[in-house]
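> no FASTA, just this:
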Ligand SMILES: [Zn+2]
């Protein structure tokens with residue numbers, strides 16, 4: 001849902017698993033704000049350098065210029081006071097300070113649009129998204145398509161072995177899975193025959 005009227009501040013969150021179109025939806029909303037002649041600034045975490053250093057890019061190759069930050073607090077220095085709409089992509093990588101910053105921005109009349117993963121590779125709520133969901137005026141949950149059975153998918157399945165919470169990557173490292181097919185952590189290797197190189201699993 002877009003909030004289309006008013007000049008008060010608010011927080012909109014778009015969340016879901018990888019490959020569910022979160023960045024695309026964020027970019028769509030930011031573009032609409034630009035069409036409405038609002039001043040827009042976009043931020044993304046420094047570790048999300050998968051596609052481009054100074055743009056947010058969706059899996060379907062929608063792009064928008066963005067500024068790279070390590071911590072949400074940097075926004076306070078980088079923000080042009082005239083900016084009306086502030087976008088955050090990959091917000092789950094921006095740390096707990098994003099909650100306070102988003103609240104401050106919204107309280108001061110800014111429209112804050114946030115996209116991020118709502119759960120991690122073990123299926124656990126991914127901070128700071130749960131708090132942002134509680135504080136937001138508008139929430140959109142995007143679903144992907146399960147790569148094993150074709151049902152709507154809410155999980156991000158990690159396909160490579162790692163105990164790290166954050167492994168940055170895309171094709172070949174993760175895929176979307178539904179509740180039934182999701183295997184928290186790393187799937188057994190015998191299930192991965194479909195994950196061999198050459199098969200494009202991430203076109204949805
Ligand atoms: Zn499934």
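Received, thanks. Quantities reported herein were computed from a predicted structural model and do not represent experimental measurements.

> so what touches stretch 136-156?
1-3, 10-22, 25, 114, 117-121, 123, 133, 157, 174-182, 194, 201, 204 (Cβ atoms under 8 Å, 6 or more residues apart in numbering). Bear in mind the C-beta positions are built from the backbone N, C-alpha and C, glycine included.

> then stretch 97-111?
Outside stretch 97-111, the residues touching it (Cβ under 8 Å, 6+ apart) are 3, 7-12, 33, 38, 71-73, 75-76, 79, 83-86, 88, 91, 112, 114, 128, 131-132, 135.

> re earlier: inside helices: which ones of the contacts of stretch 136-156?
22, 25, 133 (DSSP state H).

> what's the closest of the residues you listed to the ion?
residue 22 (19.4 Å; Cβ to the ion).

> got a list of what the closest residue to the closest one other than its chain neighbours touches?
Sequence neighbours aside, residue 115 is the residue nearest to residue 22 in space, at 4.3 Å (criterion: Cβ to Cβ, 6 or more residues apart in numbering). Shown in contact with residue 115 (Cβ under 8 Å, 6+ apart): 13-15, 22-23, 25-26, 87-91.

> thought residue 57 was touching residue 23?
Yes. Look at residue 57 against residue 23 with Cβ atoms under 8 Å: they come within range, at 6.9 Å.

> which one's more surrounded, these two?
Neighbours per residue (other Cβ atoms under 10 Å) separate residue 57 from residue 23, with residue 23 holding more: 27 against 19.

> can you narrow the ones in helices among the contacts of stretch 136-156 down to the ones near the ion?
The subset of the ones in helices among the contacts of stretch 136-156 within reach of the ion, by Cβ under 5 Å from the ion, is empty.

> give me the neighbour count for residue 122.
14.

> actually residue 20, not the one I wrote
25.

> ramachandran coordinates for it?
Note on residue 20: its backbone torsions stand at phi -100, psi 0 [degrees, to the nearest 10].

> pretty sure it contacts residue 175?
No. Assessed by Cβ under 8 Å, residue 20 is found out of contact with residue 175, at 11.5 Å.
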